[in-house]
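> Show me the folded form of this:
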Amino acid sequence: MNIKTYSRGEIIFREGDAGDCVYELSCGSVGIYANYGKENEQKISELMGEQFFGEMGLLEHAPRSATAVALEEGTCVDVITEDNFNEFFKENPAKVLMMIQQMCHRLRRTTDDYLEVCRTAHDVVTTEKAGKQQPLGLKASIRKFCEFYKELLGI
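Here you go, the predicted model:
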């Protein structure tokens, strides 16, 4: 593995870059952003402690879906490339399990958000079909979800 240290505000990788490695955060913190540096920039998450990021790009051989930025001076990451991933996998099964658990947690959170949007949309359709006025809380929920994903997608 290759250890790299970043200054506060330094970009670790950019959205659209080749996903050719996984990062393990060993100290400091990292922000994950959609549309970084643009008017519609959106912080997706903040990572601290022993967390992995960038694994989706490596495992799927796909471009980065977001930008990773060091949030603290002296943020340290271990860079695990495709060339040494198999070795890392064999030598660190507990860490690989942790990586998989973190991916599952993020997927579950995204799924929960998606299901909440589906429930809200269902409530809107049901309310409209019944000819009732939509409750103010429902309108606020719809607006909140639409604005967040609109910003995230840059539309």
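
> switch to C-alpha atoms for all contacts and neighbour counts from now on
Fine.

> so is the residue nearest to residue 2 when sequence neighbours are not counted in a helix, a strand, or just coil?
Nearest non-adjacent residue to residue 2, counting by C-alpha to C-alpha, 6 or more residues apart in numbering: residue 79, 5.1 Å away. Here residue 79 is recorded as strand under DSSP: H, G, I helix; E, B strand; the rest coil.

> residue contacts, residue 79?
Residues counted as contacts of residue 79 (C-alpha atoms under 8 Å, 6 or more residues apart in numbering) are 1-4, 21-24.

> go with 7 Å
For residue 79, the contacting residues are 1-3, 21-24, taking C-alpha atoms under 7 Å, 6 or more residues apart in numbering as the criterion.

> JSON lines for those, including secondary structure, neighbour count and distance to residue 116?
What follows is the contacts of residue 79, written out as JSON lines (DSSP: H, G, I helix; E, B strand; the rest coil; neighbours: other C-alpha atoms under 10 Å; distance: C-alpha to C-alpha, whole Å):
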{"residue": "1", "secondary structure": "coil", "neighbour count": "14", "distance to residue 116": "40"}
{"residue": "2", "secondary structure": "strand", "neighbour count": "10", "distance to residue 116": "40"}
{"residue": "3", "secondary structure": "strand", "neighbour count": "13", "distance to residue 116": "40"}
{"residue": "21", "secondary structure": "strand", "neighbour count": "21", "distance to residue 116": "33"}
{"residue": "22", "secondary structure": "strand", "neighbour count": "22", "distance to residue 116": "30"}
{"residue": "23", "secondary structure": "strand", "neighbour count": "21", "distance to residue 116": "31"}
{"residue": "24", "secondary structure": "strand", "neighbour count": "21", "distance to residue 116": "31"}
